[in-house]
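> Kindly generate the corresponding structure for this input.
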Amino acid sequence: MHPFHAAAGRTMRRRSIRTIGLLAAIATIAVAAPCFAQLLGRVEAHSFIGPVLGNVVYFNIYLPEGYDTSAERYPVIYYLHGLNGTQGGPSNVVIPDSFEDARAAGLIGPVIIVFANGYLDSLWADSIDGSKPAETDVMQQLIPHVDANFRTRACRSFRAVMGFSMGGFGAPKFYTKFPDRFAACIAYDGSLADWDTLVQVRPDWAAQTFGNDPDYFDQYSPWYWADVHAPVLAPRSDLRLVVAMNVPSNREYRDYLAALGIVANYVETGCPHDMVCMLAAQGMNSAAFLAARLVAGLSGDLNGDRVLSSLDVPPMIAALLDPAAIDECASADLNGDGNVDGADLSAFIAALL
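Have a look, this model is predicted:
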């Protein structure tokens, strides 16, 4: 994927963007995956007819070990591939293997991972001609389908998005555009583009996907939406940027977010543009980052103000008195075992103190 520099909408397009190592990074997402131990969970291939557009929506899904023998509901991570990728390929092994290692290390609990289809080169946008509705597929068709057909915790507090390269453009776009739908986001060496850079390097994309319309492009820009939703995103600390070779553009995005009051968890790995290397360097830390945010939905923040305080005590007591009134997204179940009991009360008191 081209390491584009990112920039926001109209105000950002006036900035001078330096494109570092652009031609050297022209590549597909596909990398030769090393031999991994056999997954303890499993990956399944699925498709369905989208209820909104009537198209075929393809996705693969990783179900963790124990899924078949429990009644537990799980947090979900949506993974977005890079240029020329699909819902299949090496990521179906590389990503779950990293999370299984993190689970074995006690850094995160079991999760479902959904591998979405981005039509090879959609930039995770809806193409202007309707031929590649990547955003609509994910937001209006795939997420509801997964929540209806698999044992997920179907709410923002238990849903995250992550992506590599082109998917590292799409993931922060989804996170900033739909902050009410995702608890956290990780972008791996995101190929973050502004309009001028896109026109310069990939004029075919500018024409075919965005109709040569910079305003249409802005609707799918993680810079534009960070600006629009800064008041909502600024109190949160749910975005992580894991960087390999796309250092200048990611630093610029980090600094742009900081100017908006949005603090990103930022790390440079020294890796090539390669997911295997980045996971080896930062996979454990990324899992811990997601666990803290996904478990934040279990942290006792029962009134939804993202602050654990005495205001959460009355609803915690109510949950203990009537566990049946607590739905699958309720944060009173601090240990995620499906019950609200004394163990959760102890955890709640410890967290409150």
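> any idea how far Gly283 is from Cys277?
Distance, Cys277 to Gly283, using CB to CB, to the nearest Å: 10 Å. C-betas here are computed from N, CA, C, even on glycine.
> Also Val201?
Applying CB to CB, the value for Val201 to Gly283 is 30 Å.
> Same drill for the two, tell me which one is more crowded.
Using other CB atoms under 10 Å, the more surrounded residue of Val201 and Gly283 is Gly283, with 22 against 19.
> Quickly find the element holding the more buried one.
Element membership of Gly283, judged by DSSP states H and E, is helix 275-294.
> next helix or strand past that helix?
According to DSSP H and E, the helix or strand after helix 275-294 is helix 313-321.
> For that next one, give the mean pLDDT please.
The predicted model gives helix 313-321 an average pLDDT of 82.
> Pull out the buried positions in the next helix or strand after that helix.
Counting by DSSP H and E, the next helix or strand C-terminal to helix 313-321 is helix 342-352. Across helix 342-352, burial judged by 16 or more other CB atoms under 10 Å covers 344-345, 347-348.
> I'd like these as CSV, with pLDDT and distance to Val111 appended.
Listed next are the buried residues of helix 342-352 as CSV, based on pLDDT from 0 to 100; distance: CB to CB, whole Å:
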residue, pLDDT, distance to Val111
Asp344, 80, 20
Leu345, 85, 25
Ala347, 80, 20
Phe348, 82, 23
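> Among the residues you listed, which pair sits farthest apart?
Within those, Leu345 and Ala347 form the most distant pair, 7.3 Å apart (CB to CB).
> Could you list the low-pLDDT ranges of the stretch 201-350 of the chain?
295-307, 323-331, 335-338 (pLDDT under 70).
> sorry, back to before: what does the helix holding Gly283 contact?
Identification of contacts with helix 275-294 by CB atoms under 8 Å, 6 or more residues apart in numbering yields 29, 31, 33-34, 75, 77, 90-91, 94-95, 98-99, 101-103, 105, 107-109, 111, 157-158, 160, 162, 164, 183-184, 186, 188-189, 238, 240, 242, 244, 265, 267, 269-271.
> Just the residues you listed: which are in helices?
91, 94-95, 98-99, 101-103 (DSSP state H).
> can you put the residues you listed in JSON lines and add distance to Ala207 and neighbour count?
Listed next are the ones in helices among the contacts of helix 275-294 as JSON lines, based on distance: CB to CB, whole Å; neighbours: other CB atoms under 10 Å:
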{"residue": "Ser91", "distance to Ala207": "29", "neighbour count": "29"}
{"residue": "Val94", "distance to Ala207": "33", "neighbour count": "21"}
{"residue": "Ile95", "distance to Ala207": "33", "neighbour count": "21"}
{"residue": "Ser98", "distance to Ala207": "37", "neighbour count": "22"}
{"residue": "Phe99", "distance to Ala207": "38", "neighbour count": "27"}
{"residue": "Asp101", "distance to Ala207": "43", "neighbour count": "17"}
{"residue": "Ala102", "distance to Ala207": "42", "neighbour count": "22"}
{"residue": "Arg103", "distance to Ala207": "45", "neighbour count": "20"}
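> between the residues you listed, which is nearest Thr197?
Once CB to CB is applied, the member of the ones in helices among the contacts of helix 275-294 that ends up nearest Thr197 is Ser91, at 25.7 Å.
> can you pull the contacts of that closest one?
Each residue near Ser91 by CB under 8 Å, 6+ apart is listed here: 29, 79, 81, 85, 115, 164, 275.
> Most neighbours among the residues you listed, which one is it?
Each of these was scored for neighbours by other CB under 10 Å, and Phe164 scores highest at 34 neighbours.
> Beta-bridge partners for it, please?
Taking DSSP bridges as the rule, Phe164 bridges to Tyr188.
> domains for the chain, by residue range?
Per the record, the chain has its domains at 23-298, 310-352, by automatic domain parsing.
> Pick the most buried one from those domains.
Compared across the domains of the chain, domain 23-298 shows the largest average neighbour count, a mean of 20 (mean count of other CB atoms under 10 Å).
> Might you calculate how far it sits from the centre of the chain?
Domain 23-298 sits 4 Å away from the centroid of its parent chain (CA atoms, centre = their mean, to the nearest Å).
> if I look at Thr269, how far off is His81?
As for Thr269, its distance to His81 is 19 Å (criterion: CB to CB).
> Out of the contacts of Ser91, show me where the pLDDT dips lowest.
Ranked by pLDDT, the contacts of Ser91 bottom out at Ile29, which has 32.
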